[in-house]
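Undergrad: prediction below, plus the sequence it came from.
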Amino acid sequence: MVQVGDSGEPITTADCDGGRHGLPIIQGKENVYPILIELLNYLQTKTSRRVIVTCGHRCPVHNAYVDSSKSNQTSKHQIGAEVDFYIQGMEDQPLEVVALLMQYYQEHPSYKQSKEWTVFQRYDKPDSQVAVQPWMNKEIYIKLCQKEEGRDVDNRHPHPYISLQVRFDRDKKERVAYTYDKAFRGYPRN
């Protein structure tokens, strides 16, 4: 990636350029967690609008380039379990988007019979680094970042955005957590 500074001169970066690796290996193939794709497709269908992904999978090199803070070292972006996005035309309606994400669990036949999937709780610990308390059910964690929150090199658009993280792998029936092996050894390299 070549960035240009204010004077028009190229800025050297430590970005990985995305060309030396693929997606993480999930369930034996290059992928991201399927629930992320299902939810984004659901939003596009329900709103008839385009989902704009501002940050998806990041390898550890790119993750450090974007945000080298200690709190970002275990980002789930590195293991294909997190996506940041907004919906074109609904940039200033993020709470409506959050409501649609919750509605997915009310409508989906696999989930609507169980409260652990359909009931969302608020995450009330101070480490979320956002003004609006995030929501979570058994499978996902929804964080709403206002215009001035959560910005990094990849996320410079002037809109609120939603960060969606996978908490539970419904196929493997296990908690999804960042690990060094998943991030550094969990994807093929060219």
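TA: That came in fine, so what should we check first? Residues are numbered from 1 along each chain as shown.
Undergrad: contacting residues for Thr177?
TA: Actually, residue 177 is Ala. It isn't Thr. When contacts are counted by Cβ atoms under 8 Å, 6 or more residues apart in numbering, Ala177 touches no other residue. The way it works is simple: take the backbone N, C-alpha and C, and place the C-beta from them, glycine included.
Undergrad: how about Asp124?
TA: With the criterion set at Cβ under 8 Å, 6+ apart, Asp124 makes contact with Gln133.
Undergrad: okay, it: pLDDT?
TA: The model reports Asp124 with a pLDDT of 90.
Undergrad: surely Cys149 is in a strand?
TA: Rather than Cys, residue 149 is Glu. No: judged by DSSP: H, G, I helix; E, B strand; the rest coil, Glu149 forms no part of a strand; its state is coil.
Undergrad: number of nearby residues for the residue lying closest to it once chain neighbours are set aside?
TA: Setting aside the residues directly before and after it, Glu149 is nearest to Val130 in space (Cβ to Cβ, 6 or more residues apart in numbering), at 5.2 Å. By other Cβ atoms under 10 Å, the residues close to Val130 number 14.
Undergrad: quick one, helices of the protein?
TA: Counting by DSSP state H, one finds helices in the chain at the ranges 34-47, 60-66, 94-107, 115-118, 180-185.
Undergrad: just checking, Gln78 touches Lys182?
TA: Yes: Gln78 lies in contact with Lys182 (Cβ atoms under 8 Å); the separation is 7.4 Å.
Undergrad: higher neighbour count, the two?
TA: Ranked by neighbour count (other Cβ under 10 Å), Gln78 and Lys182 place Gln78 first, with 27 against 19.
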